[in-house]
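**Student:** What would the 3D arrangement of this be:
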Amino acid sequence: MRAVIINILFIFFVSFSFAQNTITVPAVDKKTYQQYLNKNWNELIKTGKQSLKKGIDFYYLQYRMGIAYYEKKQYAQSVKYFENIYTETPDDELIQEYLYYAYLLSGRIDDAKLLSKSFDNKLTEKLHIETEYPFIRALYIATQQDINEDYSYIPKSNEQINQKTVTEKSWYNISLEHAIGKRITVFHGYSHLEISNNVIDTNPDLPSEYTENLTQNEYYFSLKYHLTKGLNLTGGLHVLHSVYFAPNPMQTFGRRQFSSALYYYPETSITGSLKLDKSFSVFNISAESSISNINKKLQIQPALSLRIYPFGNDKFYSETRGIYLSERSSTVFTYHPVIKQSFGFTFLKYSFFSPSVTYGDLINYTSYNAFIVNNDIDKTKFRLESYLNIGLAKGRFNIFLNYQYNIKENTFTINGSDSYKQYINQSITGGIKWYFKKY
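**Tutor:** This is a model prediction of the structure:
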């Protein structure tokens, strides 16, 4: 009798467990629909994940999962569910709208732009998307000023030094952005740089101390092609034409003054870059490389970066970037690994703040797809940077300010032997960005 009771209890337990673990499409549909009506997003996501894991999948489950993540402001996670049902019902305006904003609010601007091209006039007007796409999409104007602490070396009585120090520096840039068709974005601009250096030299053919002026005109061009969902290919070209001029001290003959050059020579450098970046879920990964001939040396600079949006939206991100710069002078190679860690915070809807820290030797170094070329005479050993953008007029008009705190290293010689001196450089860049069309 006891054995019979045990067997009955065992059969009952197995049957009950089987019933509990049995998941059917109607049951999941009913349960997730009720969770959807109650706006119980966490439980809906939990139920949806369990169902998908057991092979239960249908249109409205994908739809409700997308809505649940969207309502939790986890837009990056909602994208894949909206993409799945969009492929089944591409003409559904509600799905189009959800997917458009999920792209936009997760930082995938190019995907949002491409998707909006398939919208009819009614939806375009509802979402306030401009139907006319102006050739000039944006205008950028920027200027930069540097502040250096005094790092001139004061020689002792028995020391002869060769040293070049920066006394004045100014830079400005004007750039334009264009949209060509559905997938191509072009960015190009002109920059002008002027630097005055104080030179102390033991060369008997030159004065013991004189001023060197550098004038540099630059042109930058980049083209970004949106290959497919979440995937972009960007190429950049930066041409720098530098002129080094050292005027002789004025000589006076009566009332007339004459000036000749100690030296005058031009130099042209070219930098090319190529970048491939992919966005998926809460991640954006990119691989890129640049090649250049800055200061008559060959530089090859590959880089990898990983950006994470941990909350699934563009309110906060963390980006880690690794760079490995190799430089050849004659037949000698030097190697400079660099790590940059940055963060981004969005506030007031159209404004954001991005601090970063960079470790490594920045010398003959390029950044931002070769838009910035560091052909400085001194090496940057450490950098703290903060970028602030204030967006006005619904994000169309932007005022930005970028501050850098750099620890630099100046190389000079004492009696023919190399010596080094570190100093603090502070750089402030400010300007405006005006979008003629803003997504």
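**Student:** got the contact list for the residue nearest to residue 286 when sequence neighbours are not counted?
**Tutor:** With Cβ to Cβ, 6 or more residues apart in numbering as the criterion, residue 286 has its nearest non-adjacent residue at 3.6 Å, and that residue is residue 277. Any C-beta I mention is one placed from the backbone N, CA and C, and that applies to glycine too. Residues in contact with residue 277 (Cβ atoms under 8 Å, 6 or more residues apart in numbering) are 231-232, 234, 284-287.
**Student:** which regions of the stretch 51-200 of the chain sit below the pLDDT cut-off?
**Tutor:** Applying pLDDT under 70 to the stretch 51-200 of the chain flags residues 130-134.
**Student:** Now do the strands in it.
**Tutor:** For the stretch 51-200 of the chain, the strands defined by DSSP state E, counting those that start in this stretch occupy 136-148, 161-180, 184-200.
**Student:** Check which helices and strands the second one is in contact with.
**Tutor:** Pointing back at strand 161-180 there. If you count contacts as 3 or more Cβ pairs under 8 Å, 6 or more residues apart in numbering; DSSP states H and E, strand 161-180 packs onto strand 136-148, strand 184-200, strand 209-228, strand 397-414.
**Student:** List the pairing partners of it within its sheet, with orientation.
**Tutor:** strand 136-148 (antiparallel), strand 184-200 (antiparallel), strand 397-414 (antiparallel) (DSSP bridges).
**Student:** quick one: the helices in this structure?
**Tutor:** Along the chain, the segments classed as helices by DSSP state H run 2-21, 25-37, 41-53, 59-71, 75-88, 93-105, 109-116, 121-126.
**Student:** I'd like these as a markdown table, with mean neighbour count and distance to residue 296 appended.
**Tutor:** Formatted as a markdown table, the helices of the chain follow (neighbours: other Cβ atoms under 10 Å; distance: least, Cβ to Cβ, whole Å):
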| stretch | mean neighbour count | distance to residue 296 |
| --- | --- | --- |
| helix 2-21 | 9 | 72 |
| helix 25-37 | 15 | 66 |
| helix 41-53 | 17 | 59 |
| helix 59-71 | 21 | 54 |
| helix 75-88 | 21 | 45 |
| helix 93-105 | 20 | 45 |
| helix 109-116 | 20 | 38 |
| helix 121-126 | 12 | 53 |
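**Student:** Of all the ones you listed, which one is nearest residue 436?
**Tutor:** helix 109-116 (14.1 Å; Cβ to Cβ).
**Student:** Contacts for that closest one, please.
**Tutor:** 96, 99-101, 103-104, 124, 127, 129, 182-183, 185, 224, 226, 229-230, 232, 279, 439.
**Student:** The same query, at a cut-off of 6 Å, please.
**Tutor:** Counting contacts by Cβ atoms under 6 Å, 6 or more residues apart in numbering, the residues outside helix 109-116 that touch it are 100, 103-104, 129, 182, 226, 229, 439.
**Student:** what's the angle from it to helix 93-105?
**Tutor:** 160 degrees (axes from the mean of the first three to the mean of the last three Cα atoms, to 10 degrees).
**Student:** From the chain's centroid, how far away is helix 109-116?
**Tutor:** 19 Å (Cα atoms, centre = their mean, to the nearest Å).
**Student:** could I have that helix exported to CSV, CA atoms only?
**Tutor:** The C-alpha coordinates for helix 109-116 follow below in CSV (Å, rounded to 0.1, in the frame of the first residue of the first chain):
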residue,chain,number,x,y,z
ILE,A,109,21.6,58.6,-36.5
ASP,A,110,22.5,57.2,-40.0
ASP,A,111,20.1,54.3,-39.6
ALA,A,112,17.3,56.7,-38.6
LYS,A,113,18.0,59.0,-41.5
LEU,A,114,18.0,56.1,-44.0
LEU,A,115,14.8,54.6,-42.6
SER,A,116,13.0,58.0,-42.8
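**Student:** sorry, back to before: quick one: the strands paired with strand 161-180 as CSV, columns for distance to residue 67 too.
**Tutor:** Shown next, in CSV, are the strands paired with strand 161-180 (distance: least, Cβ to Cβ, whole Å):
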stretch, distance to residue 67
strand 136-148, 32
strand 184-200, 31
strand 397-414, 32
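**Student:** Save those as TSV, and put in distance to residue 308 and mean neighbour count too.
**Tutor:** Below are the strands paired with strand 161-180 laid out as TSV (distance: least, Cβ to Cβ, whole Å; neighbours: other Cβ atoms under 10 Å):
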stretch	distance to residue 308	mean neighbour count
strand 136-148	27	16
strand 184-200	24	17
strand 397-414	23	17
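**Student:** before we move on, back to that, in a markdown table: the strands of the stretch 51-200 of the chain, plus distance to residue 409.
**Tutor:** Shown next, in a markdown table, are these (distance: least, Cβ to Cβ, whole Å):
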| stretch | distance to residue 409 |
| --- | --- |
| strand 136-148 | 13 |
| strand 161-180 | 12 |
| strand 184-200 | 16 |
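**Student:** Of those, which is nearest residue 52?
**Tutor:** strand 184-200 (36.2 Å).
**Student:** re the thing from before, and the contacts of helix 109-116, which is closest to residue 52?
**Tutor:** Looking across these and measuring by Cβ to Cβ, the closest to residue 52 is residue 229, at 20.9 Å.
**Student:** List the contacts of the nearest residue to residue 98 once chain neighbours are set aside.
**Tutor:** Spatial nearest neighbour of residue 98, excluding adjacent residues (Cβ to Cβ, 6+ apart): residue 82 at 5.3 Å. Residues near residue 82 by Cβ under 6 Å, 6+ apart: 66, 98-99, 102.
**Student:** same question, residue 161
**Tutor:** 153, 155, 200, 412, 414.
**Student:** which residues does the nearest residue to the second one once chain neighbours are set aside form a beta bridge with?
**Tutor:** Spelled out, it's residue 155. Distances taken as Cβ to Cβ, 6+ apart place residue 161 nearest to residue 155, at 4.9 Å, with adjacent residues excluded. In this entry, residue 161 is beta-bridged to residue 414, by DSSP bridges.
**Student:** Done for today, thanks.
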